[in-house]
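here is the input, now give the coordinates:
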Amino acid sequence: MKDTNHTESGSITVIALIILVILTALGIAVTDTATTDGWISRNEGIALSNFFVAEGGVRREGQEVGSSNYSVTDLYAENVLIADETGLQPSGAALPNPDNAAGEHLVRSQFYSFNVTYAGYGLPPKGYSADKQSMFNFDVDATAPNGATVDSRYYKIGPKVK
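Have a look, this model is predicted:
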């Protein structure tokens, strides 16, 4: 005898198809997110590398200031000591760097542009004699090829300005 009481209607196929579509959409979204994260990571690494070039440039020019390689012509007025937009300006005295005998302004084998400005003098920091010494301020900034810029202030302690 034939059973005429069929409650099965074949809905499992439709349910399985819906689940497959949902899983496929989820897989595409995860792959897209992973690709985007990869691009973000790569761009962040490049930006950080360029920031390090600019920061290294500021430190290198700070060494030049500390070595008295940029001469101040007027102690009483703020003036630009050197402004180099190319990074090719040779320094007054080469810094100890066996890879850069020409004295070029390089960090991580990249040129950077920089400005060194004498910003005036003032009282020395605590621990120095204000009667015998002055603090000479220098603004130093460097820019990496991509535009990352670092600004800093350096100072030297020297004989009192009268």
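
the one helix or strand residue 137 maps to packs against which elements?
Element membership of residue 137 [criterion: DSSP states H and E] is strand 133-143. Secondary-structure packing of strand 133-143 (3 or more C-beta pairs under 8 Å, 6 or more residues apart in numbering; DSSP states H and E): helix 11-66, strand 113-122, strand 149-159. C-beta: built from backbone N, CA, C; applies to glycine.

give me whichever of these is most buried.
By mean neighbour count, with neighbours taken as mean count of other C-beta atoms under 10 Å, strand 113-122 ranks first of the helices and strands packed on strand 133-143 at a mean of 19.

tell me the mean pLDDT over that strand?
Averaging pLDDT along strand 113-122 yields 92.

only alpha carbons, please: show that strand as CSV.
Listed in CSV are the C-alpha atoms of strand 113-122, where the atom choice follows Å, rounded to 0.1, in the frame of the first residue of the first chain:
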residue,chain,number,x,y,z
SER,A,113,66.0,68.8,2.7
PHE,A,114,66.6,70.8,5.9
ASN,A,115,66.8,74.3,7.5
VAL,A,116,69.0,75.4,10.4
THR,A,117,68.0,78.7,11.9
TYR,A,118,69.8,80.5,14.7
ALA,A,119,66.9,81.5,17.1
GLY,A,120,68.8,83.8,19.5
TYR,A,121,70.3,83.3,23.0
GLY,A,122,69.0,83.3,26.5
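
returning to what we had before: quick check: neighbours of the strand holding residue 137 in the sheet, parallel or antiparallel?
Applying DSSP bridges, strand 133-143 is found paired with strand 113-122 (antiparallel), strand 149-159 (antiparallel).

quick check, central residue of this protein?
Using C-alpha atoms, centre = their mean, the residue of the chain that lies closest to the mean C-alpha position is residue 51, 1.2 Å off.
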